[in-house]
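Visitor: Pasting the sequence and the predicted model now:
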Amino acid sequence: MELLFSAPCWRDYTLDAMNKAAKDNKLSSMREAIAAYVVDDCSVCIEGFTGFISFAAGHEIIRQRRRGLTLIRMTPDLIYDQMIAAGTARKLIFSYTGNPGVGSLYCIRRAVEKALPCPLELEEYSHYGLVGRYAAGATRSPFFALRSYVGSDMLAANPLIKLIDDPYGTGKIAVVPPLNPDVAILHAQRADRQGNTQLWGLLGMQKEVAFASKHVIVAVEEIVDESVIRADPNRTLIPGLIVDAVVHSPYGAHPSYVQGYYDRDNESYLAWDKLSQEHAAVIAWLDEWVYGIENHAAYLRKLGQEHFDKLKPEPLLAPSVDYGRYR
Amino acid sequence: MELLFSAPCWRDYTLDAMNKAAKDNKLSSMREAIAAYVVDDCSVCIEGFTGFISFAAGHEIIRQRRRGLTLIRMTPDLIYDQMIAAGTARKLIFSYTGNPGVGSLYCIRRAVEKALPCPLELEEYSHYGLVGRYAAGATRSPFFALRSYVGSDMLAANPLIKLIDDPYGTGKIAVVPPLNPDVAILHAQRADRQGNTQLWGLLGMQKEVAFASKHVIVAVEEIVDESVIRADPNRTLIPGLIVDAVVHSPYGAHPSYVQGYYDRDNESYLAWDKLSQEHAAVIAWLDEWVYGIENHAAYLRKLGQEHFDKLKPEPLLAPSVDYGRYR
Amino acid sequence: MSEPTYTESEMMIAVAARMLEGARTVFVGVGLPNIACNLARYTVAPDMELIYESGVYGARPERLPLSIGDPTLVSGAISVVSMADLFGLYLQRGLVEIALLGGAQIDRYGNLNSTVIGAYAKPKTRLPGSGGACEIATNAQRTFMIMRLKRRAFVDKLDFITSPGHLTGGDSRARLGLPGGGPELVITDKAILNFANPEREMQLTAVYPGVTREDVQAEVGWPLRLAETIQETAAPTAEELRLIREEVDPHAMYR
Amino acid sequence: MSEPTYTESEMMIAVAARMLEGARTVFVGVGLPNIACNLARYTVAPDMELIYESGVYGARPERLPLSIGDPTLVSGAISVVSMADLFGLYLQRGLVEIALLGGAQIDRYGNLNSTVIGAYAKPKTRLPGSGGACEIATNAQRTFMIMRLKRRAFVDKLDFITSPGHLTGGDSRARLGLPGGGPELVITDKAILNFANPEREMQLTAVYPGVTREDVQAEVGWPLRLAETIQETAAPTAEELRLIREEVDPHAMYR
């Protein structure tokens, strides 16, 4: 994990950022985006808290057979369970590894408990600690301070978490260092061609991860004109300035959900709980649903449109607000 | 300035917060709200960056002849110039004292340079430093770290700003302590009766100030039903949980502006630049426009509706978004 | 009419709901604690607002949420914020009145383990980890545990302290400056335990109908301290059962 | 056709705009720097996005903003965020390519004073203070100063260092670990100065038409260093003047 606030490395980063800003059209296929930015042994962060999880990106990384990745995610969820079973990862940085609302993530447990298919190094935080690492990375701060960890064995389990004295004399406080993933892949409702991205619903940690990461791929349900973004600037979570590639990825977060577009496909989460208890069954599933199909569009065809019609919520529209024209 | 993270004091605060949550109707007149929460010698924070400035609250504080206040605000603006000329303040905590886009704030300069009408103690930060103090106060953090101040004389001018060693060995970093105002007064577009408040346009530091302060008064252009707030939860900046009083205060930010509702009354800012150069003229202005009228409604009548019609922008509506019904 | 029959889960839900009387902000997970909060809204805590670590304040779910990040928690909520703001402005700020927590293991001082069974480096069982539990246990004003009474869960020594309770007892928590008040109650399927003694040691304070002190001790891995008086908790009322079965969990997802 | 006539302000605006060639993110205040950026958008930097400390990224103002918090900067912008995010995620993160700064006093190393004239405790003149200037000077990749050349502003010793430039010169800025590159240019109404020497000391690099080196030295409070070659800056072109007068400042608010 590279700290971005040593001047040279920071300069590289920001000049790079300037180049990002230059591209006026960053539209790309998921295959191209993954091939361009996710290389063996790099650190990858596919974020989104229970929703907005780019399964399309995770499956493409498996399909391109990346190896030695450091996977970063607060709640690994099914997608990292699948990527770890496929042997893409060497290390996992996380804060809660469970099948949300269902149970265990058996592939990750097999990797940790039995080194199957390969050993998996763990680096572990609480939620706020990992959010803090993203926030420090996003603001080029040398650390993030939080009141957690005092009295917890997590301090001993992770030497990157330190206790320092509050300079104002109120006692000990924990700090965590910045985290700057090599690549972030973030799913949202809409973006324009420059990567200006709007998200509503659970904001999670998407903003902090985007600003913390050296490369950012945004995957969205809809590509919209820049004028749509500019019509509600308070909703823009990620500016195109820091985005490398924009992927049009409808239903790309399935089986997780996208607020207002589709619901979580809970049957898939329950099915995974059973299926994933045997490594062989997982490999068979990967052969059929990842290796066996060329891309996410094929995955959607395989599931069929009716499948997604059932996941569509009724509309619930937010009232408009008036920004006013000042001229 | 009381630090909120010593347990007993924090408990008082939070139990108090719970009581806030209990009140189901916090509607109040500005007179009642100021009388209830702004007492002599307390610290008051009327925030809002160039817009959303509750002049109605500032004038009511002058009218109620408060004394010995510590005034906290990043950009004191005309309202603090007026409050300081009226003798309400003993101390000013700020980061930029100017008439935005116009020039000097002469009343504050007279207080500092000539102790007129009374001496004014200054506690000074850069913008990010004061934002950081609000943010630390809002999250009960013992401090906020930022890269500013290294090489600046501001470190020597304000002993509360300290340099510490980064525990991860990247060098020196500046920190500022939390700030927890006794009372915050924040203007926004709309709130419900419980004080759930939505704001769009410049978000400024309103969120951090609200969560940092022991008491919060929100002044809004419109009181709306709770259902309006719940229809767009991402726009809710201040939850009623931390709000003590809700004041219906149309045009309460005049001569500053409220996004989508009215423009800045720039003539007033230019006029103040001339008028405020003489203390006697300021006193005469206060007699006519503050002491001489009973409340903000009278102030509006005195200016006349046509005055405000000229300040109304053309509509520019943000497109709606779909949150979806999940049941 | 005859005594209504009920399940252990229904009893836990009813008891947990009663303990939330007057609560205004409750930090909650999914499943049984969520049902208990919804029941409390109908009964003893009409003003209660639910806070979820996913970033939701004042949720009004139209269905039982499948996870703490369920989209039904977003639609119609008072405010939905980033997780940085939820943990910073709400939880660490001290605005959470009561938090409901669970874990794989608990010790006599209410410390919780949700990280590993066995050695951390070479775990026998890898558990999910802290999630928000460490900060919840640190910052919430009051913490209630909801756990089934099982000897493998109520252990003499934790394999790993994920979330601090009363640490080594007495004033050890206060001495380390933890802002929250720490564990107050443990609500189980057989009895209620609290920490209302100077040593902040878990003690039996109430048993459910038909449960003996011996039944409780049999499921606790240390000699369990007894409160001065031990009450018998009232069974769920017909109305509590009706609300659970018809209103808050009509599909019996958590019973 | 004859040489067009122009004001000193128009010359400053034209020169500042030329220096922004290819710029993509510029952190800007109101007044003259704002006009210069708008001119640059029409000429040498079509991709430029403006960043304002008020929280605005990618502003598309429909009128000349009256202040850096003008509502016209919000309507139609790409993103409007809290000031904490603007200073943290954009400026301190290192995403600001060029920042335009001014001040009441500047010294030979580009350090700026916008706090007090006289002693801090007993000031002769109380100036506005830092605002965002201290963090801008610290974090922007490149800093351009725009100031009128006046002896009372270009001083041998500052009364107060508000915003760090090259500090005591040489590598003193880098040694203290300031992330931004520091002052690069000083654009005045008579000449252009830079810091392109190992000592990072301000030096005269170009004079405007009709201005002599002596005219410049007369307004600088220390013996001004000269660049190896001193160019004469071209006067505003007819097109630059047309754009300034008809497009970016039609009401001559800043000329």
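Guide: Looks like it came in fine.

Visitor: So which residues of chain C form helices?
Guide: C:8-19, C:32-42, C:71-74, C:83-85, C:133-139, C:172-175, C:213-217, C:238-242 (DSSP state H).

Visitor: quick one, which of the ones you listed is nearest to chain B?
Guide: helix C:71-74 (3.7 Å; CB to the nearest CB). C-beta: built from backbone N, CA, C; applies to glycine.

Visitor: between the helices of chain C, which gets nearest to chain A?
Guide: Of all the helices of chain C, it is helix C:133-139 that lies closest to chain A, at 3.9 Å by CB to the nearest CB.

Visitor: Name the nearest residue to residue C:152, ignoring sequence neighbours.
Guide: residue C:105 (7.8 Å; CB to CB, 6 or more residues apart in numbering or on different chains).

Visitor: Report pLDDT for that neighbour.
Guide: pLDDT, residue C:105: 97.

Visitor: longest strand of chain C?
Guide: Secondary structure assigned by DSSP state E gives strand C:225-232 as the longest strand of chain C.

Visitor: What's the mean pLDDT across that strand?
Guide: On average, strand C:225-232 scores 97.

Visitor: And chain C, is the host helix or strand of residue A:308 touching that?
Guide: Here residue A:308 sits within helix A:305-309, counting by DSSP states H and E. No: taking CB under 8 Å from any CB of the partner chain as the criterion, helix A:305-309 and chain C are apart, separated by no less than 15.1 Å.

Visitor: Off-centre distance for that helix?
Guide: 25 Å (CA atoms, centre = their mean, to the nearest Å).

Visitor: Which other helices and strands does the longest strand of chain C contact?
Guide: Under the contact criterion of 3 or more CB pairs under 8 Å, 6 or more residues apart in numbering or on different chains; DSSP states H and E, strand C:225-232 touches strand C:203-207.

Visitor: so the strand it packs on versus helix C:8-19, what angle?
Guide: Compare the direction of strand C:203-207 with that of helix C:8-19 by axes from the mean of the first three to the mean of the last three CA atoms, to 10 degrees and you get 110 degrees.

Visitor: how about CSV for the helices of chain C, with mean pLDDT, distance to chain D and mean neighbour count added?
Guide: Formatted as CSV, the helices of chain C follow (pLDDT from 0 to 100; distance: least, CB to the nearest CB, whole Å; neighbours: other CB atoms under 10 Å in any protein chain shown):
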stretch, mean pLDDT, distance to chain D, mean neighbour count
helix C:8-19, 95, 38, 23
helix C:32-42, 89, 31, 24
helix C:71-74, 97, 21, 27
helix C:83-85, 98, 10, 23
helix C:133-139, 97, 20, 30
helix C:172-175, 96, 32, 17
helix C:213-217, 98, 50, 14
helix C:238-242, 95, 45, 16
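
Visitor: okay if I get these as a markdown table plus distance to residue A:137?
Guide: Listed next are the helices of chain C as a markdown table, based on distance: least, CB to CB, whole Å:
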| stretch | distance to residue A:137 |
| --- | --- |
| helix C:8-19 | 39 |
| helix C:32-42 | 33 |
| helix C:71-74 | 26 |
| helix C:83-85 | 12 |
| helix C:133-139 | 19 |
| helix C:172-175 | 32 |
| helix C:213-217 | 48 |
| helix C:238-242 | 49 |
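
Visitor: Below-threshold pLDDT in chain A: ranges please.
Guide: Within chain A, the ranges that satisfy pLDDT under 70 run A:1-23.

Visitor: the helices in it, which residues?
Guide: Counting by DSSP H, the helices of chain A are A:7-22, A:30-37, A:55-63, A:77-85, A:106-114, A:127-138, A:154-157, A:206-212, A:226-230, A:266-275, A:279-286, A:296-303, A:305-309.

Visitor: if you compare those helices, which one is most tucked away?
Guide: Ranked by mean neighbour count, those are led by helix A:127-138 with a mean of 29 (mean count of other CB atoms under 10 Å in any protein chain shown).
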